[in-house]
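**Q** I'll drop the sequence and a predicted model, then ask my questions.
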Amino acid sequence: MMTLSSKYRLLREGRWGLLVHTERWNRQLWQEVLRQLTDQKPAAHPQTKRFYYPQGENGEEFYLKIYHRGHFPGSIKDLCRSSKALRALKQGLALTEQGFHVPLAVAAGEERDLRALKRAFLLTVGVEGSPLPLFLREHFAVPLAGAALREKRGSLRKLALETRRLHQEGFVHGDLVPSNILVRPEESGVSFFYMDNDRTRRYPAWLAQSLWKRNLVQLNRFVLSGISLQDRMRFLRAYLGRDSWAERDRELMRWLEMKTRQRRLECDRIEAQVSFRELMRWNGPFASNIREL
């Protein structure tokens, strides 16, 4: 079981139970969070607000993800479990302990009335970088050669190895779509940040094997700028850690294609009797979702 970092402590503020970073949390920031919470209307899905604190050009960028009370039977389960906000903070700490990048969580809180969960929030510090789809659009959505082509392939390989290590450590991300991966350029290449970890779980290594394939489908089903079928194959080969395709790898490829076609039909309403290469061509006629990311 993960031990909570000594940098965090529990606080009680009226009906709010808070888990806060002792070096980053203060009374003034809490008042700003309360103001942001008051301004947010209830919604069926979590809402994320960006703000700067202190206000002004020297303020630091924060993201406040707000969770409102769920519907039955989720609200019944919430009587006996931590809120998604607290689970997200703890999963982020577990990922950090294993060397993965996640936004720094400053606080998580849950408002309860007689144990019934009313609201919850997760407050994180902004990260300089771009969501993966935007990063690809800005850097690789043109014909590439030489150093630029090697940079693209190196970045994809690094992402594949990070995803492989994520699964080897037993983690399954709750929604590993490209927009939930933030890319931060650095002198040595790029770093990848895993965002939105409120549904991320860590399983025993023997159990996770049947679950990580869901993450591969989530990554694979999107058309992405500059990403060809060959790039997808290179990603999968690096993820599997093999230089040649075994029969079980080919079975996985066929399964991924089947699931990707199914998800594109369900999510994008695209059903086309064309090759998989054409279906996923980033500058082709079936690239409608590329404009939505």
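**A** That came in fine, so what should we check first? Numbering: from 1, shown residues only.
**Q** residue contacts, the nearest residue to Pro185 once chain neighbours are set aside?
**A** Once flanking residues are discounted, Pro185 sits nearest to Gly129: 7.4 Å by Cβ to Cβ, 6 or more residues apart in numbering. C-beta: built from backbone N, CA, C; applies to glycine. Residues in contact with Gly129, defined by Cβ atoms under 8 Å, 6 or more residues apart in numbering, are 135, 182-185, 191, 193.
**Q** if you set the cut-off to 6 Å instead, what comes out?
**A** Going by Cβ atoms under 6 Å, 6 or more residues apart in numbering, Gly129 touches 182-184.
**Q** do the same with Trp282
**A** Listed by Cβ under 6 Å, 6+ apart, the contact set of Trp282 reads 223, 225, 227.
**Q** Please repeat the previous calculation with a cut-off of 8 Å.
**A** 141, 223-228, 290.
**Q** same question, Lys84
**A** Lys84 neighbours (Cβ under 8 Å, 6+ apart): 46, 67, 120, 122, 198-199.
**Q** Just among those, which is most surrounded?
**A** Leu122 (29 neighbours; other Cβ atoms under 10 Å).
**Q** ok, that one touching Leu89?
**A** Yes. Applying Cβ atoms under 8 Å as the test, Leu122 and Leu89 come out as touching, 6.2 Å apart.
**Q** May I ask which two of the contacts of Trp282 are separated the most?
**A** Ser228 and Ile290 (13.2 Å; Cβ to Cβ).
**Q** Who has more neighbours out of the two?
**A** Ile290 (19 against 14).
**Q** packing partners for the helix or strand harbouring Arg50?
**A** Taking DSSP states H and E as the criterion, Arg50 maps to strand 47-53. Where contact means 3 or more Cβ pairs under 8 Å, 6 or more residues apart in numbering; DSSP states H and E, strand 47-53 is packed against helix 27-39, strand 60-68.
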